[in-house]
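*Asks:* Structure of the sequence below:
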Amino acid sequence: MKSIFVACLSMSLVLLTLRSVSGCTCMPVTLHGSYKSSDFVLVGRVIYKDATQNYRNGNTYYDVEVLRVLKQDGIEIGTPVTRITTRSADSLCGVYLEVGQVYILNGFKGDSGLRISTCSMMSRGPVCPKMLGFVYDTFATLQSLA
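*Replies:* Next comes the predicted model:
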């Protein structure tokens, strides 16, 4: 009886370690590589978050006040405000942005407009106002390298 219990416990532990886990997995990329592969790069302040439709289509929408466009490869970026879409769940590589904060946003032109994801983000946190000069200088250098 004890050997059956030990065998069942051992098998349970093996099965627990073999279970599959799905989530967002990103390949490491350099700042320059991310800049080059992005369709757009902009600095913007999040002014509105619309997550009401996320149960229907899995997306969260952000309205962003565009402060500066740093790259736009043949796409139209609405100014002064543009809408950016991301997946609602971070396990699907969605990005959480805080209303009122300034971010460097980069990503791709999708079927429904501009899209961002965790894997494409150059900077995952907000940018403080004192850093904007440094950010603009850095992107001027990246533009000259591209």
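
*Asks:* For residue 4, give me the pLDDT.
*Replies:* What the model reports for residue 4 is a pLDDT of 66.

*Asks:* Sorry, wrong one. I was asking about residue 19.
*Replies:* 45.

*Asks:* Strands of the chain, start to end?
*Replies:* Using DSSP state E, the strands of the chain run over 40-50, 59-72, 81-87, 102-110, 113-115.

*Asks:* so which of these comes closest to residue 145?
*Replies:* For residue 145, the closest of those is strand 59-72, at 12.2 Å, according to CB to CB. No exception for glycine: its C-beta is placed from N, CA and C like everyone else's.

*Asks:* out of the strands of the chain, nearest to residue 121?
*Replies:* Closest of these to residue 121 is strand 102-110, at 6.8 Å (criterion: CB to CB).

*Asks:* Give me the contact list for that closest one.
*Replies:* Residues from elsewhere that reach strand 102-110 (CB atoms under 8 Å, 6 or more residues apart in numbering): 34-35, 38-46, 64, 67, 70-71, 75, 84-85, 97, 114-117, 120-123, 125-129, 132, 135.

*Asks:* Buried only: go through those for me.
*Replies:* The neighbour count (16 or more other CB atoms under 10 Å) marks 34-35, 38-46, 64, 67, 70-71, 84-85, 97, 114-117, 120-122, 127, 135 as buried among these.
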